[in-house]
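1. Fold the stuff below for me.
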Amino acid sequence: MTDQLIHGYEVVIGFETHAQLQTRSKIFSRAATAFGAEPNTQACAVDLALPGTLPVMNRQAVECAIKLGLALGSRIAPRSVFARKNYFYPDLPKGYQISQFEIPVVQGGEVAFFVEGEKKTVRLVRAHLEEDAGKSLHEGAPGGQSGIDLNRAGTPLLEIVTEPDMRSSDEAVAYAKALHQIVTWIGICDGNMQEGSFRCDANVSVRQPGAPLGTRREIKNLNSFKFMQQAIDYEIRWQIAELQEGRAIEQATVLFDPDTGETRAMRSKEDSADYRYFPDPDLPPLVIEPEWVERVKSQMPELPQHMAARFVRDYGLPEYDAAQLMQSPHMAAYFEQAAQVSGQPKLVSNWVMGEVSRRLNAEGIGIEAAKVGSGQLALLLQRVAGGAISNAAARQVFDALWAGEGQDVDAVIAAKGLQQMNDAGALEKIVDEVIAANPDNVAQFKAGKDKAFNALVGQVMKASKGRANPQQVNALIKARLGA
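-> Sure thing, here's the model as predicted:
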């Protein structure tokens, strides 16, 4: 959905995202965090909340928070405090979750992204460190009972909270993708949504323009961008329909059912007071010295927003192109290597976003597994820019290289006879033959129909087996027809 009014209502969306941090051990214990282990094999006494155990802060988790703050332009609090968030659920052994409330470690910041070529920015409220809960298992337990797996209990999370700045599902998905890009780029989260490493909760409400914010409903644990869009769109339609029928929206936590495409209420939504937050007496304040921040900063990779700005400045790319190339560090590196070798950055950008991405998406692989290397693409595009082959022929060469029919660009061009026709006399002969064989198209073109001209060009390209230079063909046809 776009951000225009829907039946006279404005959509308001905010996000809470849980990014699981890539640490070897849990946030307050030494238990492992590897995914997929047998239930309850990665839970120690601290995770089980046995009497007498005390939490100890994981330094690596703090460094992940610092990296995120640096990447988002946030304030990194020199002193932050941990709190107990109290609620009772079977997968929470302590009866509370250690989190941060009044003073989070990361404060403010923003995430920028594009929607249909237009740049948007979402402001962040905070990002705070907390521990994950365990997991209830409802299948496989004897006697139809439910089991508890505490492997995930204590896994380190950063909860990233936005202002309610988004106005459509398109913006919400674009924001989530941009945040996903950042946390994976800086290496603090693997971003695996299916395994729960990157979980998004969308707070959705609607209002009439100029009215106060409406009552929000929180869609929990959206684990794919496709389902995220479907869930938000359904929730928007549902809320508007309820209001139009004269019914009030009640604050609630809802789940999305991908089988029905609908959201359904799970429980009434709590407010912060319901959790009875208070400072955790077992954990001292987290103190981050400026020297620590500077040391982490010196070890950070070039950030995607900075690299995109450099690509605009150094390679003359449009801002949109540069942003698209930031999908991963591997894609950015692939582009830059090919651009430097070929000297054709815009042409490389077009191909990476076009033919290369098409192939990657079709095979479900990342660009690091591309079957045409950046050097091969660079040489291929040098041949296009130099007039040795046409764009159409280049696509044939690319497909052959991808299919493993050869590794040498020039050898494939020669084997397939794709060298561009540069013999002016031979090309003029083909043009004359096509004009003579297509009098109807000639008459239609002279009558002002552009499609007829394109048909003539197509016939010449077909007769030359795609080897003719399209620019030369256009010029020759126009000259012959007195255009």
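2. Please make it C-alpha for all contacts and neighbour counts, starting now.
-> Noted.
3. what does the domain assignment say about this protein?
-> Residue ranges for each domain of the chain read 10-292, 302-415, 424-480, as given by automatic domain parsing.
4. Adding mean pLDDT and mean neighbour count, write these out as JSON lines.
-> JSON lines is the format used below for the domains of the chain (pLDDT from 0 to 100; neighbours: other C-alpha atoms under 10 Å):
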{"stretch": "domain 10-292", "mean pLDDT": "93", "mean neighbour count": "18"}
{"stretch": "domain 302-415", "mean pLDDT": "94", "mean neighbour count": "18"}
{"stretch": "domain 424-480", "mean pLDDT": "83", "mean neighbour count": "16"}
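5. For whichever strand or helix holds T17, give me every contacting residue.
-> Using DSSP states H and E, T17 maps to strand 10-20. With contacts defined as C-alpha atoms under 8 Å, 6 or more residues apart in numbering, strand 10-20 is touched by 3-5, 155-168, 172, 183, 188-191, 196-209, 213, 236.
6. ditto for stretch 404-416
-> Looking at what lies outside stretch 404-416 - C-alpha under 8 Å, 6+ apart - the contacts are 371, 376, 379-380, 397, 400-401, 419.
7. Regarding that stretch, how distant is the last residue from the first?
-> In stretch 404-416, first residue to last residue: 14 Å (C-alpha to C-alpha, to the nearest Å).
8. Verify the contact between T155 and T33 for me.
-> Yes: here T155 lies in contact with T33, judged by C-alpha atoms under 8 Å, at a distance of 6.4 Å.
9. okay, and the common contacts of the two?
-> 25-26.
10. helix/strand/coil for K67?
-> Assigned with DSSP: H, G, I helix; E, B strand; the rest coil, K67 falls in the helix class.
11. For it, list the residues it contacts.
-> Shown in contact with K67 (C-alpha under 8 Å, 6+ apart): 186, 188, 296-297, 300.
12. residue closest to the middle of the chain?
-> Nearest to the mean C-alpha position of the chain, counting by C-alpha atoms, centre = their mean, stands K177 at 2.7 Å.
13. where's it, which helix or strand?
-> helix 169-185.
14. If I take the helix or strand just after that helix and strand 10-20, what angle do their directions form?
-> Remark: after helix 169-185, the chain's next helix or strand is strand 198-207, criterion DSSP H and E. Put simply, strand 198-207 runs at 160 degrees to strand 10-20, going by axes from the mean of the first three to the mean of the last three C-alpha atoms, to 10 degrees.
15. Please identify the pairing partners of strand 198-207 and their relative orientation?
-> strand 10-20 (antiparallel), strand 217-222 (antiparallel) (DSSP bridges).
16. how near is F453 to Q420?
-> Applying C-alpha to C-alpha, the value for F453 to Q420 is 21 Å.
17. do the same with L380
-> In this view, L380 and Q420 are 13 Å apart by C-alpha to C-alpha.
18. For R126, state which of the contacts of K67 is nearest.
-> Taking C-alpha to C-alpha as the measure, R126 sits nearest to I188 out of those, at 16.7 Å.
19. Ends of stretch 69-77, what's the gap?
-> Chord length of stretch 69-77, first to last residue, is 9 Å (C-alpha to C-alpha).
20. Repeat that for stretch 137-150.
-> For stretch 137-150, the end-to-end distance is 10 Å (C-alpha to C-alpha).
21. what does stretch 405-416 give?
-> 11 Å.
22. quick check: longest helix of the chain.
-> Selection of the longest helix in the chain by residue count, based on DSSP state H, yields helix 225-244.
23. thinking again about what came up before, quick one, the strand holding T17 and helix 225-244 angle?
-> Computed by the same axes, to 10 degrees, the angle separating strand 10-20 from helix 225-244 equals 140 degrees.
24. I'd guessed S25 sits against A32; true?
-> Yes: counting by C-alpha under 8 Å, A32 is a contact partner of S25 at 4.5 Å.
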